[in-house]
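Student: Output the structure for:
(chains A and B)
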2 protein chains.
Amino acid sequence: MKANLQNDLLLRAARCEDVERAPVWFMRQAGRYLPEYRAIRSQHDFLTMVRTPKLAAEVTIQPVDLVGVDAAIIFSDILVIPEAMGMHLVMEEGKGGPRFPNPIRLYTDIKALKEIQAEKSLSYVMDAISLTVEKLNGRVPLIGFSGAPWTLFCYMVEGAGSKDFKHAKEMLFTRREDAHTLLGKIRDAVSDYLVAQITAGVDVIQIFDTWAGVLTPEDFREFSLDYIGEIVRDVKQKTNSRVPVIVFCKGANHSISEIAATGCDVVGLDWTIDIAEAKALLGDQVAVQGNLDPSILYGPEHVIEARVRDIAERMGSPRGHIFNLGHGVSPDMDPDRLRAFVRAAKEAYTVPAQ
Amino acid sequence: MKANLQNDLLLRAARCEDVERAPVWFMRQAGRYLPEYRAIRSQHDFLTMVRTPKLAAEVTIQPVDLVGVDAAIIFSDILVIPEAMGMHLVMEEGKGGPRFPNPIRLYTDIKALKEIQAEKSLSYVMDAISLTVEKLNGRVPLIGFSGAPWTLFCYMVEGAGSKDFKHAKEMLFTRREDAHTLLGKIRDAVSDYLVAQITAGVDVIQIFDTWAGVLTPEDFREFSLDYIGEIVRDVKQKTNSRVPVIVFCKGANHSISEIAATGCDVVGLDWTIDIAEAKALLGDQVAVQGNLDPSILYGPEHVIEARVRDIAERMGSPRGHIFNLGHGVSPDMDPDRLRAFVRAAKEAYTVPAQ
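Tutor: Take a look at the predicted model:
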C-alpha cells in the first residue's frame, strides 16, 4: 500500500493546479557531485549500482535528504533499454560513460533486437522503484524516466556518445526506412518500460531527448517528436493518464508548441530560450520546467539567487512552473551551490526582492 | 593592382542585389576532407601552414579549383589573435586542435595581454592574403575572418575546447568586470585584425561565434553580441563600408533580428531554424547564409539535391541568399559529396524540379 504524498507540489505544478510555491528538483541530482554518492560508488561499479535495487534506492533518496529537493528521480541509466533489447553494454572505468562495443549498423542488427517485456527484463528497475517508494514513505513524489527514441537511437547506432553522430545521421539519410524500423522498435520498448515504471509506483515520468538539437526542425519532427507523441499517447491510454508526463527535448526550442501537442503535461526547457516566451506559446494548460543555465551554479550565491528570481519574475506565477536546471548538474559541482539553488527556488515566489 | 572580379556573385548576394543564382561556399572548405590538402599537410605541421603565406595561399585556392566554390576563404586559425596578444599556442600531433598551455584565469593574466597591431604582429596572414589575391587573379572573391570575442574568450580562458566551458562561465558569473575587460581587449584586437585583412585585400569578412549557443539569450547579448556589434561598426567606419560583413552565431537563433541589428550585411544560420522563418524576420535588406545540416553530406546525392532544393524553395528567390553548410565540413567527408552539394546549389534556382 502506497503512502499518501506529504509533498505533492510536483504533481500539482505538472497539472497546472494551485500551488503555494513552485517545486524544485534537478537532472542528475542522484549523482557524482554528492560526496555521499561517491562514497557508495567507490564500493561498487556504476552498472552494479544501477542493477542493485538497494543501492539504486539509496542514492535516489540522497538528494531528498541532503539537498532538499521536492522530488526524487529513480537512479538508473537510459541505456538499460538497449541492453534489455539484447545489446551488450559495457562500462570500463576511466573510459567515459557506458558504451556498446557492437553498435547497430546493419538491417540484420535491427532485426536481431528483442522486443522487451520491461516488467521481466528490467525487473531490477521495477524493484528499485518499489523499494524507493517504500523508503520515501510519501515524503516526495518519485519520477521515472526514459531516454527518447532518437537519443537511444544515437547511442545504439554510434555505440557511445559522439560529436557529430555521423553513423546515426548516415542511417537517417541513406536508409530512412531502416531508421524508422529501428525507431519503431525503440518506441515500443520505451512505451512498455514507462508503463511498467508507473505500475511499479512512480508518480511522474520524464522523457529526455538529449540529442534533439542535432536535428533540423523537420528531421526532429519526423525522427524524434512523432515517436515521443506515440509514446505519450500510448502510456496515457494504458495507465488512464494517472501520472503526469514531462517531455524535455534539449535544443529543440524551434518546436515548443509541437512538443506540447504530444499531449504531455510539462515541457522541459534548456537555457537558450526566454521562459516567458515559452510560457506565452504554451498557455495555461501546459506546465514548464527547467531553463536555468547549469553553469550559473559556478557563480556565487547572490548570482544564483538573482537568476532564479529572474526566472520567477518572467513566469509571473508559480502555477504550472517547476524549477530545474536546463541540463544535468556537472559532476564537479559543489553541493552547496545546489543547496543555494534549491533554497532560492523555494523562496523565489514567496519572499519579496530586497 | 587588384584584378577585377570575374565572379562577384558573393558580393552581390551579400548586398541583396540581383543575381543569376545564389553563390556557394562552405566553412572549412580549405581542409582535411581534401586529399590534396592532406598531401601538403603531411609535409608540414598545421601551424607552419598557417604561418607560411605560400602554403596558406595554396590550400586556400584548392577548393576553388577542386570543388568549384564561388569564393575562397583564407586558410588560417582563429587562435592566431590570442597568440599575437602574447599567449603561447601549441599544437601537439594527435592531441586534438591547437591549445594554450597557460590559459587566462587571473586579472594579472588579462593585464599582461598585449594590444596587437595586426599589420605587424599578424603580417604572415596579411602576406597570405596578398599572395592569394594575386594568385586568384579575380576568379572569385576572397573571404577574411575572425572568431568572435566570446568564442576567443572561451578558448583563451579554457585553454582548449570544452564541453561545458566551466572556467569561461565561472569568470562571467563570478568576475563579470574582469570578463568585460578581457572581452574588450579581444574586441579591439579582432577589429584591428579585420581592418588589416581588408587593407590586405579580402573582399568579404566573416565573424564566427562558434560558442554563442552555450549562453542564455541575455548573456549572449551582454557577453557576445554587443562586442560583435562594436566590431562591425568600427570595421565599417574605418574601411568606408567597402566590404560586406557576415556574422554567424551558431546556436543563437533566439536573436536573429538582434544579430542583423549589428549592421552586418549577412546573417549566417545553423540548421536548427527554418530559413524561411529567418528570412521573414530579416526582411529584404539583410542576406542569409548557411542552414544546410552538414551531416546531409553523409547521404546520397539525391538526398543532398533534395535538401538543397528545399532550402531554395523556402527562400523563394536567390536574391540575398548564399548557400553554405550550417557548420564546418567534417574532415572525414568524401569530397565528391561536397562537389554534389556545390553542383546542386548552382542548379537549385535555375533547373526546374523533376
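Student: Which of the three states applies to the nearest residue to A:Gly213 once chain neighbours are set aside?
Tutor: What sits nearest to A:Gly213 in space, not counting adjacent residues and going by CB to CB, 6 or more residues apart in numbering or on different chains, is A:Gly251, at 1.8 Å. In short, each C-beta sits where N, CA and C put it, glycine included. Secondary structure, DSSP: H, G, I helix; E, B strand; the rest coil: A:Gly251 is coil.
Student: To what extent is A:Gly251 buried, counted in neighbours?
Tutor: 19 (other CB atoms under 10 Å in any protein chain shown).
Student: A:Glu277 too?
Tutor: Neighbours of A:Glu277 under the rule other CB under 10 Å: 15.
Student: From the chain's centre, how far out is the strand or helix carrying it? Work that out for me.
Tutor: If you go by DSSP states H and E, A:Glu277 is part of helix A:275-282. Remark: helix A:275-282 is offset 21 Å from the chain centroid, using CA atoms, centre = their mean, to the nearest Å.
Student: Check which residues of it are buried.
Tutor: By 16 or more other CB atoms under 10 Å in any protein chain shown, the buried positions in helix A:275-282 come out as A:275, A:278-279, A:281-282.
Student: Look up how far A:Pro63 lies from the closest residue to A:Asn137 other than its chain neighbours.
Tutor: Nearest in space to A:Asn137, with sequence neighbours left out and distances taken as CB to CB, 6+ apart, is A:Ala3 at 5.0 Å. The gap separating A:Ala3 from A:Pro63 is 19 Å, by CB to CB, to the nearest Å.
Student: Looking at those two, which has the bigger crowd around it?
Tutor: Ranked by neighbour count (other CB under 10 Å), A:Ala3 and A:Pro63 place A:Pro63 first, with 28 against 11.
Student: looking at this, the more buried one is in a strand?
Tutor: No - A:Pro63 is assigned helix when assessed by three-state DSSP, not a strand.
Student: Look up how far chain B lies from it.
Tutor: 20 Å (CB to the nearest CB, to the nearest Å).
Student: sorry, back to before: dump the residue contacts of the residue nearest to A:Asn137.
Tutor: Applying CB atoms under 8 Å, 6 or more residues apart in numbering or on different chains to A:Ala3 gives the contacts A:136-138.
Student: Any buried residues in stretch A:160-175, and which?
Tutor: For stretch A:160-175, burial by neighbour count (16+ other CB under 10 Å) applies to A:162, A:165-173, A:175.
Student: Repeat that for stretch A:100-120.
Tutor: For stretch A:100-120, by 16+ other CB under 10 Å, it's A:100, A:103-105, A:109-110, A:113, A:116, A:118-119.
Student: and it, average pLDDT?
Tutor: For stretch A:100-120, the mean pLDDT works out to 96.
Student: what about dumping the CA coordinates of it to PDB?
Tutor: Output in PDB follows, covering the C-alpha atoms of stretch A:100-120 (Å, rounded to 0.1, in the frame of the first residue of the first chain):
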ATOM      1  CA  PHE A 100      28.100  -0.700 -26.800                       C
ATOM      2  CA  PRO A 101      31.000  -2.500 -28.300                       C
ATOM      3  CA  ASN A 102      28.700  -3.800 -31.100                       C
ATOM      4  CA  PRO A 103      26.700  -0.900 -32.300                       C
ATOM      5  CA  ILE A 104      23.700  -1.200 -34.700                       C
ATOM      6  CA  ARG A 105      24.800  -0.700 -38.200                       C
ATOM      7  CA  LEU A 106      23.100  -3.300 -40.500                       C
ATOM      8  CA  TYR A 107      19.500  -4.300 -41.000                       C
ATOM      9  CA  THR A 108      20.300  -7.700 -39.500                       C
ATOM     10  CA  ASP A 109      21.400  -5.900 -36.300                       C
ATOM     11  CA  ILE A 110      18.000  -4.200 -36.200                       C
ATOM     12  CA  LYS A 111      16.200  -7.400 -36.800                       C
ATOM     13  CA  ALA A 112      18.100  -9.200 -34.100                       C
ATOM     14  CA  LEU A 113      16.900  -6.700 -31.400                       C
ATOM     15  CA  LYS A 114      14.400  -8.300 -29.000                       C
ATOM     16  CA  GLU A 115      11.000  -7.000 -28.000                       C
ATOM     17  CA  ILE A 116      11.200  -6.300 -24.300                       C
ATOM     18  CA  GLN A 117       8.800  -7.100 -21.500                       C
ATOM     19  CA  ALA A 118      10.000  -4.500 -19.100                       C
ATOM     20  CA  GLU A 119       8.400  -6.000 -16.000                       C
ATOM     21  CA  LYS A 120      10.600  -9.100 -16.600                       C
END
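Student: Need the contact partners of that stretch.
Tutor: Applying CB under 8 Å, 6+ apart, the set of residues contacting stretch A:100-120 from outside is A:79, A:81-82, A:84-90, A:121-122, A:125-126, A:155-160, A:167, A:175, A:178, A:181-182, A:185, A:188-189, A:192-193, A:195-197, A:199.
Student: how about the helices in the stretch 201-350 of chain A?
Tutor: Under the criterion DSSP state H, counting those that start in this stretch, the stretch 201-350 of chain A contains helices at A:217-220, A:226-238, A:256-260, A:275-282, A:301-315, A:335-347.
Student: Just send these back as a markdown table, with mean pLDDT and distance to chain B too.
Tutor: Formatted as a markdown table, these follow (pLDDT from 0 to 100; distance: least, CB to the nearest CB, whole Å):
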| stretch | mean pLDDT | distance to chain B |
| --- | --- | --- |
| helix A:217-220 | 98 | 6 |
| helix A:226-238 | 98 | 17 |
| helix A:256-260 | 98 | 12 |
| helix A:275-282 | 97 | 8 |
| helix A:301-315 | 97 | 5 |
| helix A:335-347 | 98 | 11 |
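Student: Adding distance to B:Val67 as columns, could you present the ones you listed in TSV?
Tutor: As requested, the helices of the stretch 201-350 of chain A are exported to TSV (distance: least, CB to CB, whole Å):
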stretch	distance to B:Val67
helix A:217-220	25
helix A:226-238	36
helix A:256-260	37
helix A:275-282	40
helix A:301-315	46
helix A:335-347	49
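Student: if I pick A:Gly229, what's in contact with it?
Tutor: Listed by CB under 8 Å, 6+ apart, the contact partners of A:Gly229 are A:261-263.
Student: please redo it, this time with the cut-off set to 7 Å
Tutor: A:Gly229 sits next to A:Thr262 when contact means CB atoms under 7 Å, 6 or more residues apart in numbering or on different chains.
Student: swap in A:Gly263?
Tutor: A:Gly263 makes contacts with A:232-233, A:236, as judged by CB under 7 Å, 6+ apart.
Student: again, 10 Å this time
Tutor: With contact set as CB atoms under 10 Å, 6 or more residues apart in numbering or on different chains, A:Gly263 has these partners: A:228-229, A:232-233, A:235-237, A:241, A:245, A:247, A:286.
Student: What of A:Asp336?
Tutor: A:67, A:297, A:301.
Student: Please repeat the previous calculation with a cut-off of 6 Å.
Tutor: Residues near A:Asp336 by CB atoms under 6 Å, 6 or more residues apart in numbering or on different chains: none.
Student: now the one 4 residues further on
Tutor: Applying CB under 6 Å, 6+ apart, one finds that A:Ala340 lies in contact with A:301, A:304.
Student: Residue ranges in chain A under the pLDDT threshold?
Tutor: Residue ranges of chain A with pLDDT under 70: A:1, A:93-95, A:351-354.
Student: Could you list the contact residues of it toward chain B?
Tutor: Counting by CB under 6 Å from any CB of the partner chain, the residues of chain A lying close to chain B are A:169-170, A:173-174, A:216-217, A:271-272, A:274, A:293, A:295, A:298-300, A:303.
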